[in-house]
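Undergrad: sequence and predicted structure, then a few things I'm wondering about:
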Amino acid sequence: MLWVALHFHDFGPATLETLAAWTCQFTPKVSLEPPHALVADVHASLRYFGGLDGLLGKLRDGLGELGCAASLAVAGTPRAALWQARAGGKDLDEVPVGLVFSSDLLKAIGVESLEELLRLPREGLARRCGQALVDELDRALGWLPEPREFFSPPARFDAALELPGGGVAHAEGLIFAARRLLLQLEGLLAARHAGVRGFDVELLSLQGRKTEIPIRLASAARSTDRFVRVLREKLAATALREPVESIGVRAGDFVPLAGSSGALFGDARAEGEAWAKLVERLQARLGAGAVHGLATQPDHRPEHAWRAVEQGEWDPREFIQPGARPLWLLAPPRRVPPQEFELLAGPERIECGWWDGDEAKRDYFIARREQSLAWIYREGGEWYLHGLFA
């Protein structure tokens, strides 16, 4: 096993628990060491991140974006990694004794480093300083096992950040603060292989007034950049009458979301995400009710066989096409004389709607009309053009 320890000098906007959840995106084996550290077994993750240097680089970059200051260390045991991180990344034998043990005897005899401590006779050390000290040394050296309880990332996210000075009264300042919280959310979602369809941002003014900003996405996501893009549009439409002293982000209802991978013939997921981003920006600017998609619903009458939906609400695999249907419907249908078309296929009988007062009894045909394919029906002895095929 290979362990990475993080000793935090400054948590920034985070807590030890939220940082543990964020770290779980690198490995599921993350263990807390309160109050200032955590340790992670990264052996099984090295290949995914391109080796130890790649993983450590990702960790350092991510912690910098979160606004956290931490010392990192790598060792073959969790105890050794924690001691080295506490000492600022020094080698194990250079770790000052005073950082890991409190012993007047060791001070009195002039033992300053773990290297010097390990030179002392074990029997005498156990007799004078206690067996517990020797056992700790053995765990650090890997001579005794050290079972660890691993952190389980939560199924919800709720974090807040106090803003400095007299508060923030402009959108970009709020975006900067929110981004740090959303990075924590992204890490948690990555750890759970999940995404969200939305989250809520809460602004608390210096006067104690709360402003709720619901963020809704067109499809499940866990990208901080995508979250920030929609939040920026929403903030642009939000009047900030007072400086904001704190900002919070809440998210739940996580949904499964696999990681992206390359595709041989294009990336359908990337194309779908591009559409989702466009929909999100339009909804943020115009309002959710102003932008919607179209989906079918189980009604044989063509004019009633559609409904407005949110993106991602309808799965086209659930739809069974009852027959050939044109892309373009005329509303209302236009009466046409029989000599203007030539019947090619049909009839298809549609009887529906007796229960809602809009009953239809029609015989539909596919016909040729003016060098195009038309959808024509007969009702009450008259012919009507109802749609045109592409």
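TA: Everything's here; your move.

Undergrad: for the residue positioned nearest the centre of the chain, which non-adjacent residue is spatially closest?
TA: When Cα atoms, centre = their mean is applied to the chain, the residue found nearest the centroid is residue 222 (2.2 Å). Distance criterion Cβ to Cβ, 6 or more residues apart in numbering; nearest residue to residue 222, sequence neighbours excluded, is residue 189 at 3.7 Å. The way it works is simple: take the backbone N, C-alpha and C, and place the C-beta from them, glycine included.

Undergrad: right, and the one you found touches residue 196 too?
TA: Yes. At 6.7 Å, residue 189 counts as touching residue 196 under the criterion of Cβ atoms under 8 Å.

Undergrad: overlap of the contact sets of the two?
TA: Common contact partners of residue 189 and residue 196 (Cβ atoms under 8 Å, 6 or more residues apart in numbering): 222, 254.

Undergrad: farthest residue from the center of the chain?
TA: Most remote from the centre of the chain, using Cα atoms, centre = their mean: residue 339, at 60.2 Å.

Undergrad: what about it, which SS state?
TA: Three-state assignment for residue 339 (DSSP: H, G, I helix; E, B strand; the rest coil): helix.

Undergrad: who are the contact partners of residue 115?
TA: Counted by Cβ under 8 Å, 6+ apart, residue 115 has contacts 93-94.

Undergrad: quickly find the element holding it.
TA: Following DSSP states H and E, one finds residue 115 within helix 114-118.

Undergrad: ok, the residue nearest to the centre of the chain touching residue 183?
TA: No. Taking contacts as Cβ under 8 Å, residue 222 lies outside contact range of residue 183: 10.8 Å.

Undergrad: show the pLDDT at residue 65.
TA: Listed pLDDT for residue 65 reads 94.

Undergrad: ok, back up a step: give me the buried positions along the helix holding residue 115.
TA: If you call a residue buried by 16 or more other Cβ atoms under 10 Å, then helix 114-118 has these buried ones: 114, 117.

Undergrad: for residue 10, list each beta-bridge partner.
TA: residue 69 (DSSP bridges).

Undergrad: ok, residue 126 - how many residues close by?
TA: Number of residues near residue 126 (other Cβ atoms under 10 Å) recorded here: 14.

Undergrad: make that residue 249, sorry
TA: 24.

Undergrad: give me the beta-bridge partners of it?
TA: Bridge pairing for residue 249 - DSSP bridges - gives residue 159, residue 201.
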